[in-house]
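J.: sequence and predicted structure below; questions after.
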Amino acid sequence: MILVVGGAGYIGSHLVKDLAANREVLVLDNLSTGHLVSLDYKADFVEGDLRDATLLDNLFSKYPIEAVMHFAAASLVGESVSHPLKYYENNVVATFNLLKAMLKHDVKNFIFSSTAATYGLPDIEHIDETVATAPINPYGQSKLMIEQMLADFGNAYGLQYIALRYFNAAGAHETGEIGESHTPETHLIPIILQHLVGVREKVSVFGTDYATPDGTCVRDYIHVTDIAKAHIIALDALLSGKVKNEIYNLGNGQGYSVKEVITACEMVTGLKARVEESERRAGDPGRLVAASKKIETELGWKAEQNLMQIIESAWKWHKNQRY
Ligand SMILES: NC(=O)c1ccc[n+]([C@@H]2O[C@H](COP(=O)([O-])OP(=O)(O)OC[C@H]3O[C@@H](n4cnc5c(N)ncnc54)[C@H](O)[C@@H]3O)[C@@H](O)[C@H]2O)c1
Ligand SMILES: O=c1ccn([C@@H]2O[C@H](COP(=O)(O)OP(=O)(O)O[C@H]3O[C@H](CO)[C@@H](O)[C@H](O)[C@H]3O)[C@@H](O)[C@H]2O)c(=O)[nH]1
């Protein structure tokens, strides 16, 4: 059985839908940002919080868990700057609890949702895993601290882990049944599509004075289904002993500015957005674009879906929501 922590969230629920087709899956989630309706019916579910050590102890005693996939986190760059306590508690302390319970119960396989935010402000076109980490916001810092714990626990206790540093997740499941749903929504693509579907007045562009071609932030958008596939490949590689204690980037290798993403959404939907330029958002780096060659070479994973396909899948989902 695979324990998926945070499996009711956006990325976790997409992974669970694909993973539960072939494996027994148990989801632990406190539903703080996740949704029970997003959960595949084949998965078992326990509602609970990672900060509850007794609950974790009981969970690992009761279920035959062979590996843990850990998606649960607070994960908003801007919020982490104004509310760092939440990030060190819900990310660092909570993950410490999880790893401690795993080690106590001799569960040694761990897949971790890390982030491009660990890199900070790298002055490089395509970021590979050899680029130095230097986070510029508490969110990225909290994830880097967890990566450090993983390395230390790997050395000392034989923990076997893979950390996947995703760039910007977006898109929805091919079935159209699940997609990105956060309240409040802060992510760029769902915000644009919510505006185009008529539930938001406008789209704000946070900062137009970055050192990028059009002055707006450049990101590498990766389909949530591609991320889910990478997790399944990583799990198989870990359980078969092919690799352990590795960090891999997950991105498309293509950078798009905020303005380019808005234009792409207009093209997909055939609708025109009302756009307002506003101040920079705290904690945002100007450019984050991945080199994902390492996971392609070592595990055979490559992103399959481009920005237009990402937006098309997200649009299909947003159009069917009752806001
Ligand atoms: N969305 C992105 O673009 C992106 C990019 C890089 C990395 N990540 C990482 O991927 C992971 C998933 O991101 P997401 O966008 O799906 O976020 P999400 O908020 O949709 O999902 C997180 C899930 O974890 C649960 N959770 C949070 N704290 C918990 C706790 N203490 N105990 C139990 N459950 C808890 C939430 O209820 C939610 O279901 C996060 O770790 C995030 O840092 C996301
Ligand atoms: O209304 C909006 C929302 C966002 N942005 C900009 O769009 C870009 C993307 O923002 P967003 O979608 O919020 O994602 P990021 O802040 O880049 O962070 C995401 O991508 C990171 C990896 O790069 C993950 O670690 C985070 O968890 C995830 O939230 C940024 O430059 C934002 O400033 C706007 O201009 N207007």
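T.: It's in. Ligands and ions are numbered 1, 2, ... in the order given.
J.: would you agree His318 is in contact with Ile192?
T.: No. Using CB atoms under 8 Å, His318 makes no contact with Ile192, being 9.6 Å away. Every residue, glycine included, has its C-beta placed from N, CA and C.
J.: which of those two has more neighbours?
T.: Ile192 (28 against 23; other CB atoms under 10 Å).
J.: state whether that one is indeed within a strand.
T.: No. Counting by DSSP: H, G, I helix; E, B strand; the rest coil, one finds Ile192 to be helix, located in no strand.
J.: give me the spatial nearest neighbour of it, chain neighbours excluded.
T.: Cys265 (4.5 Å; CB to CB, 6 or more residues apart in numbering).
J.: Leu238 now?
T.: Leu238 sits nearest to Asn109 (CB to CB, 6+ apart), 5.2 Å away.
J.: is any residue of the strand or helix carrying Ser313 near ligand 2?
T.: Taking DSSP states H and E as the criterion, Ser313 maps to helix 307-319. No. Using CB under 6 Å from any ligand atom, helix 307-319 never reaches ligand 2; the gap is at least 11.9 Å.
J.: just the residues contacting that helix, thanks.
T.: Contact partners of helix 307-319, identified using CB atoms under 8 Å, 6 or more residues apart in numbering, comprise 170-174, 176, 178-180, 189-190, 193-194, 196-197, 221-223, 225, 252, 254, 256, 261, 264-265, 267-269, 305.
J.: mind redoing it with 6 Å?
T.: With contact meaning CB atoms under 6 Å, 6 or more residues apart in numbering, helix 307-319 is reached by 170-172, 176, 179, 189, 193, 197, 221, 223, 256, 264-265, 268-269.
J.: sitting in helices, which of those residues do you find?
T.: Among these, the ones falling in helices (DSSP state H) are Ile189, Leu193, Val197, Ala264, Cys265, Val268, Thr269.
J.: measure the fourth one to Ile310 for me?
T.: Taking CB to CB, to the nearest Å as the criterion, Ala264 is separated from Ile310 by 9 Å.
J.: thinking again about what came up before, the residue nearest to Ile192 touches Pro190, doesn't it?
T.: No. At 10.2 Å, Cys265 and Pro190 do not qualify as touching, with contact defined as CB atoms under 6 Å.
J.: and the pLDDT at Arg322?
T.: Note for Arg322: predicted pLDDT of 80.
J.: actually Ala169, not the one I typed
T.: Ala169 is assigned a pLDDT of 98 by the prediction.
J.: give me the number of residues near it?
T.: Look at Ala169: counted by other CB under 10 Å, it has 24 neighbours.
J.: can you show me the CA trace of the longest helix anywhere in the chain as CSV?
T.: Determined from DSSP H, the single longest helix within the chain is helix 138-157. Backbone C-alpha positions of helix 138-157 (Å, rounded to 0.1, in the frame of the first residue of the first chain) are rendered in CSV as follows:
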residue,chain,number,x,y,z
PRO,A,138,10.2,31.2,3.2
TYR,A,139,8.3,28.7,1.1
GLY,A,140,11.3,27.7,-1.0
GLN,A,141,13.5,27.8,2.2
SER,A,142,11.1,25.4,4.0
LYS,A,143,11.3,22.9,1.1
LEU,A,144,15.1,23.2,1.0
MET,A,145,15.2,22.5,4.8
ILE,A,146,13.2,19.3,4.2
GLU,A,147,15.5,18.3,1.4
GLN,A,148,18.4,18.7,3.9
MET,A,149,16.5,16.4,6.4
LEU,A,150,16.1,13.8,3.6
ALA,A,151,19.8,13.8,2.9
ASP,A,152,20.7,13.5,6.5
PHE,A,153,18.1,10.8,7.2
GLY,A,154,19.3,9.0,4.1
ASN,A,155,22.8,8.9,5.4
ALA,A,156,22.1,8.1,9.0
TYR,A,157,19.0,5.9,8.9
